[in-house]
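Engineer: Give me a model of this one.
(one chain, ligands or ions: 1)
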Amino acid sequence: MTITLPDDPAREDVLASRPTLWLNTEYRNGSINDAHLPVRPQLVDEAKANWERLAPLLQTCFPELVASGGAIRSDLIELTALREALGYGSEAFGRVLVKADNALPVAGSIKARGGVYEVFLFAESLAIREGILGKNDDIRKLSEKDAKELFSKYTIAVGSTGNLGLSVGVAARALGFRATVHMSSDAKSWKVERLTKLGVDVVQHQADYTVAVENARLEAEQDSSIYFVDDEQSQQLFFGYSAAASELAEQLQALGIVVDAQHPLFLYLPCGIGGAPGGVTYGAKKVFGDNVHCFFVEPVESPCAMVHMMSGSEELVSVYDVGLTNRTEADGMAVARMSAFVARVMRNMLAGVFTVKDADLFRWLRLSHETQNIRLEPSAAAAFAGPDFIVNHRSGQRFCQQQGISDMRKATHVVWTTGGLFVPQDQYESFLERAVAA
Ligand SMILES: Cc1ncc(COP(=O)(O)O)c(C=O)c1O
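Structural biologist: The predicted structure follows:
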């Protein structure tokens with residue numbers, strides 16, 4: 001299908017693969033309470049409660065979580081030397097912080113918040129259904145022999161560009177499930193190797209992410225012992241991510257950072273299919289209301305959320321439909337078609353989307369390393385363009401005007417860095433070298 005995008009200030013740029021900022025003309029205050037949405041805000045509180053209930057089991061399965069009492073949390077880091085290096089030294093940018101999911105334990109990326117959550121909730125519901133876990137039982141029973149025996153009869157399957165597969169695979173194997181990960185052709189070989197070492201079956205497709213997910217879904221439909229984690233439709237993944245917002249709120253409060261109408265909060269979130277950034281956005285809207293503005297970021301050749309949301313179409317529009325290639329080194333964001341579920345929920349809730357070039361990803365990755373020792377993979381560096389787009393770009397300035405934001409010095413920008421902890425050293429060094437060559 002070929003699509004003509006409607007008239008929009010960002011249209012020419014997106015079609016020519018030039019970095020740009022698109023503002024969502026359907027962005028509305030209070031949209032989280034819209035009755036027509038398929039999800040409800042109280043599910044964010046439920047997700048937080050679910051994480052707390054699972055914490056003792058998580059701590060048992062993953063010793064690296066002992067210090068946090070079973071919570072999968074990341075730091076909120078104030079930018080200092082990196083702030084200068086990025087050109088954000090002026091007070092015009094307000095506060096600039098990094099939410100360091102790149103160092104998230106267990107899976108090394110934001111995907112730990114979704115994949116681990118869904119697998120552990122499935123384990124709990126299966127054990128209750130099969131009479132292994134009673135209402136008042138200690139959740140740690142799920143790490144014992146009877147539960148492991150039950151889980152070993154089931155396979156958890158998922159389609160992934162890499163990191164979701166890692167998080168689902170790690171979680172599934174920790175509980176004793178079998179696991180199959182369908183990888184797209186973009187998946188990095190070190191991610192495949194890491195999963196294989198864990199005993200995960202990896203199926204490598206010579207096709208893009210959408211095809212990998214379709215294959216995984218088809219296989220699961222034919223076998224009742226397969227539980228499919230559906231990245232295109234899963235509400236559990238979405239709400240697992242959403243719980244990050246209350247964690248962020250606690251951290252901002254601890255730093256004495258106020259979020260209100262005069263002190264708006266801007267979140268910049270790398271987007272693949274949209275589940276992780278969508279879930280965080282939804283949670284943030286629940287926690288901070290109209291005082292938070294969330295922007296997705298995508299590679300110039302894979303802006304699936306930008307083209308679909310700009311099109312205004314009810315049918316999903318892919319990047320191929322507008323002549324883009326979906327070719328990028330940012331494997332986590334190499335997605336041609338966004339989730340229909342996320343698109344629907346974000347329609348009035350997402351402030352906008354901006355795009356970045358691969359060469360900039362490597363440059364920011366290197367700057368992060370050199371200045372503040374922050375270890376990133378390319379996808380995870382994408383959000384650093386956010387403050388520049390909002391403060392310096394014409395569309396960003398228009399956005400602030402429309403929102404009645406008169407003094408950006410009082411704003412807080414949170415750059416979500418989404419993965420990198422497990423990147424092998426040789427691969428990491430090649431990323432650093434690429435930045436020099438660029
Ligand atoms: C490092 C990283 N950042 C961001 C994303 C985007 O998440 P989503 O596909 O849920 O939009 C991914 C997805 O795999 C990722 O690996």
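
Engineer: In the strand or helix carrying Gln427, which residues are buried?
Structural biologist: In this structure, Gln427 sits in helix 425-437 according to DSSP states H and E. Of all the residues in helix 425-437, those buried under the rule 16 or more other C-beta atoms under 10 Å are Tyr428, Phe431, Arg434, Ala435. Glycine gets a C-beta too; all of them are placed from N, C-alpha and C.

Engineer: Tell me the one of the residues you listed nearest the ligand?
Structural biologist: Using C-beta to the nearest ligand atom, Phe431 is the member of the buried residues of helix 425-437 that sits closest to the ligand, with 12.9 Å.

Engineer: Would you reformat the buried residues of helix 425-437 as JSON lines and include distance to the ligand?
Structural biologist: Below are the buried residues of helix 425-437 laid out as JSON lines (distance: C-beta to the nearest ligand atom, whole Å):
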{"residue": "Tyr428", "distance to the ligand": "14"}
{"residue": "Phe431", "distance to the ligand": "13"}
{"residue": "Arg434", "distance to the ligand": "17"}
{"residue": "Ala435", "distance to the ligand": "17"}
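
Engineer: Out of these, show me where the pLDDT dips lowest.
Structural biologist: Within those, pLDDT reaches its minimum at Ala435, with 89.

Engineer: Now do the helix holding Gln427: which elements does it pack against?
Structural biologist: If contacts are counted by 3 or more C-beta pairs under 8 Å, 6 or more residues apart in numbering; DSSP states H and E, helix 425-437 sits against helix 358-372.

Engineer: From the chain's centroid, how far away is the helix it packs on?
Structural biologist: Distance, stretch centre to chain centre, for helix 358-372: 19 Å (C-alpha atoms, centre = their mean, to the nearest Å).

Engineer: so after that helix, what's the next helix or strand?
Structural biologist: Moving toward the C-terminus from helix 358-372, the next helix or strand (DSSP H and E) is helix 386-392.

Engineer: Mind listing residues that contact the next helix or strand after that next one?
Structural biologist: Using DSSP H and E, the next helix or strand after helix 386-392 towards the C-terminus is helix 394-402. The contact list for helix 394-402 (C-beta atoms under 8 Å, 6 or more residues apart in numbering) reads 9-10, 20-23, 293, 351-352, 389-391, 406, 408.

Engineer: can you do 10 Å?
Structural biologist: 8-10, 13, 20-24, 27, 264, 266, 293, 295, 351-352, 354, 386-391, 393, 405-408, 411 (C-beta atoms under 10 Å, 6 or more residues apart in numbering).

Engineer: check contacts around Asn392.
Structural biologist: Contact analysis of Asn392 by C-beta under 10 Å, 6+ apart lists Gly87, Ala92, Phe93.

Engineer: CA atoms only: put the helix holding Gln427 into CSV for me.
Structural biologist: Provided in CSV are the C-alpha atoms of helix 425-437 (Å, rounded to 0.1, in the frame of the first residue of the first chain):
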residue,chain,number,x,y,z
GLN,A,425,32.9,-5.4,25.6
ASP,A,426,34.1,-6.0,22.0
GLN,A,427,30.8,-4.9,20.6
TYR,A,428,30.7,-1.9,22.9
GLU,A,429,34.2,-0.9,21.7
SER,A,430,33.0,-1.1,18.1
PHE,A,431,30.2,1.3,18.9
LEU,A,432,32.7,3.7,20.4
GLU,A,433,34.9,3.4,17.4
ARG,A,434,32.0,4.0,15.0
ALA,A,435,31.4,7.4,16.7
VAL,A,436,35.0,8.4,16.0
ALA,A,437,34.7,7.3,12.4
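
Engineer: How many neighbouring residues does the spatially closest residue to Tyr27 that is not a sequence neighbour have?
Structural biologist: Excluding the flanking residues, the one nearest Tyr27 by C-beta to C-beta, 6 or more residues apart in numbering is Ala351, at 5.4 Å. Using other C-beta atoms under 10 Å, Ala351 has 22 other residues around it.

Engineer: which parts of the stretch 51-200 of the chain sit against the ligand?
Structural biologist: Residues of the stretch 51-200 of the chain lying close to the ligand by C-beta under 6 Å from any ligand atom are Ser109, Ile110, Lys111, Thr161, Asn163, Leu164.

Engineer: Nothing else from me, thank you.
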